[in-house]
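[1] give me a 3D structure for the following:
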Amino acid sequence: MVAGLVKEWNKVQLPRMVRVRQKFPGTKVQDIREELRTQFTALDLAQRLKPGARIAVAVGSRGIHNIDGITKEVINMLKDYNFDPFIIPAMGSHGGATPEGQIKVLNEYGITEETMGVPIHSSLDVVEVGTVKVPSVPKEFPVYVDKIGYNADGIVVINRVKPHTLFRNDIESGLMKMLTIGLGKHQGATMAHLQGFDLFGEIIPAVGEKILEKAPIYFGVGIVENAFEETAEIRVIPREDFKKADQELLEKARKLMGRIMIPELDVLIVKEIGKEFSGDGMDPNVVGRYLNPDIKPDIKIQKIVVLDLSEKTKGNATGLGSADVITKRMFDKIDLMKTYINVYTSTALHGGRIPMIIDSDEEAVQVALTSCVRVSPAQYKMVYIPNTLFLEELWVSEYLAEQLKDSPDFEITGDPETIQFDEAGNITNLPF
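    Residues are numbered from 1 along each chain as shown. Prediction:
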């Protein structure tokens, strides 16, 4: 670890910071229970299975808002139609790629056997249901499905639909990806990732369609969230409409997702990263650091500083490779095995690279600022965010606040204030 890298003669006066609010659309679902039941009834889905049918409700590892409440409502609805639901984790290799670890991940989201009122059956065992061939891959490769779900009478897939962080297509993160990566468990996730992220736009639809053909998929629940991490839309989707719904909901998600509405920054300070904020620790769609060079970012940032690792991520520091500077306290919290399992399974090994490690917040920010090019200290464009999920409120440098004051997308909510540090050099007046 390093202290004293920035010499006294090279230090700059840190800019004063101002609180601002970004103005995002706030549309949200008012009654999730009513939405689910109305749509389920309108689609006449209850007639597709006999009473008593055993239905596996597949739940993933993403930090979906109110996922426990949504899952509970789906289970209660199935029970009301005299079905016999239970829960299976559908999260690829997450949870350390162990059955116990995946149950623990669900428990952290409030999804337990006690809260849901049904059993949770977790296993990494899979069934090979066939092979697929996509144009860009020389050979056919096998398709896997969770064995417990495959042997049920039906599978319900619950997932959020949103832009992916490593590829662009009309189908990205959503129900088809949940089939391919989530229900594929560790074996299926690994097989898909080995084909390459650059081909995911072909792989996910192809594998998803094979699973829809061979596995007892009953229906899906597609969720779109707004920038406030609220449920903006929830849709019950019959198996035959998965692909179309993924496409439609992805377009809505693009328009509603949170982002930093400033095209260029010198320094971005992120309070903490973690898997509950993004599968990549910090969302590349927010910070513009894509592991896939073919994706063109909407924001350009010279240097990114990450101060800490969240408690909920339990040491999984996936995505830290997108930072330029991290603090020693963050580094000390990293569980390399959890991190490496995640990036190894994804094949994007650079997501686990270690940035520069600096002892204190103050020097970490100094390192970032003094290594920026073509910028005057009086005109630093610096932004502080708590994470890449909650982006309504920002702390921006005084110069940047002056540029934003007349923008209809921003509201200035505070006065300029000096960043304060304790004796160890760590920030004491973080606003969020």
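[2] pLDDT weak spots in this structure?
    Along the chain, segments meeting pLDDT under 70 span 1-2, 9.
[3] could you chop it up by domain?
    The chain breaks down by automatic domain parsing into domains covering 8-24+259-412, 32-256.
[4] as a markdown table, those domains with distance to Leu430 and mean neighbour count would be great.
    Placement of C-beta: from N, CA and C, glycine included. Putting the domains of the chain into a markdown table (distance: least, CB to CB, whole Å; neighbours: other CB atoms under 10 Å) gives the following:
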| stretch | distance to Leu430 | mean neighbour count |
| --- | --- | --- |
| domain 8-24+259-412 | 6 | 19 |
| domain 32-256 | 20 | 20 |
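[5] so which of those is nearest Ile427?
    Distance to Ile427, taken as CB to CB, is lowest for domain 8-24+259-412 among the domains of the chain, at 4.7 Å.
[6] endpoints of that closest one, how far apart?
    33 Å (CA to CA, to the nearest Å).
[7] roughly how far apart are Gly154 and Pro85?
    Going from Gly154 to Pro85 by CB to CB, to the nearest Å gives 9 Å.
[8] between the two, what contacts are shared?
    Arg54, Ile55, Ala56 (CB atoms under 8 Å, 6 or more residues apart in numbering).
[9] now Ile67, nearest residue through space, not along the chain?
    Excluding its sequence neighbours, the residue lying closest to Ile67 (CB to CB, 6 or more residues apart in numbering) is Tyr109, at 5.3 Å.
[10] residues in contact with that neighbour?
    Residues in contact with Tyr109 (CB under 8 Å, 6+ apart) are Val59, Gly63, Ile64, Ile67, Asp68.
[11] and the helices in the stretch 151-300 of the chain?
    Here the stretch 151-300 of the chain has its helices, by DSSP state H, counting those that start in this stretch, at 175-177, 185-194, 200-214, 242-256, 284-287.
[12] I'd like these laid out as a markdown table, including distance to Glu423.
    Putting the helices of the stretch 151-300 of the chain into a markdown table (distance: least, CB to CB, whole Å) gives the following:
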| stretch | distance to Glu423 |
| --- | --- |
| helix 175-177 | 47 |
| helix 185-194 | 45 |
| helix 200-214 | 48 |
| helix 242-256 | 43 |
| helix 284-287 | 31 |
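[13] closest to Met337 out of these?
    Smallest distance to Met337 across those (CB to CB): 14.5 Å, for helix 185-194.
[14] these two touch, right, Tyr218 and Gly154?
    Yes: between Tyr218 and Gly154 there is a contact under CB atoms under 8 Å: 3.4 Å.
[15] which residues do those two both contact?
    In contact with both Tyr218 and Gly154: Arg48, Leu49, Ile55, using CB under 8 Å, 6+ apart.
[16] now, among those, which is nearest to Glu392?
    Ile55 (37.4 Å).
[17] quick check, that closest one in a helix?
    No: counting by DSSP: H, G, I helix; E, B strand; the rest coil, Ile55 is not found in a helix; it is strand.
[18] spatially central, which residue of the chain would that be?
    Ser278 (2.7 Å; CA atoms, centre = their mean).
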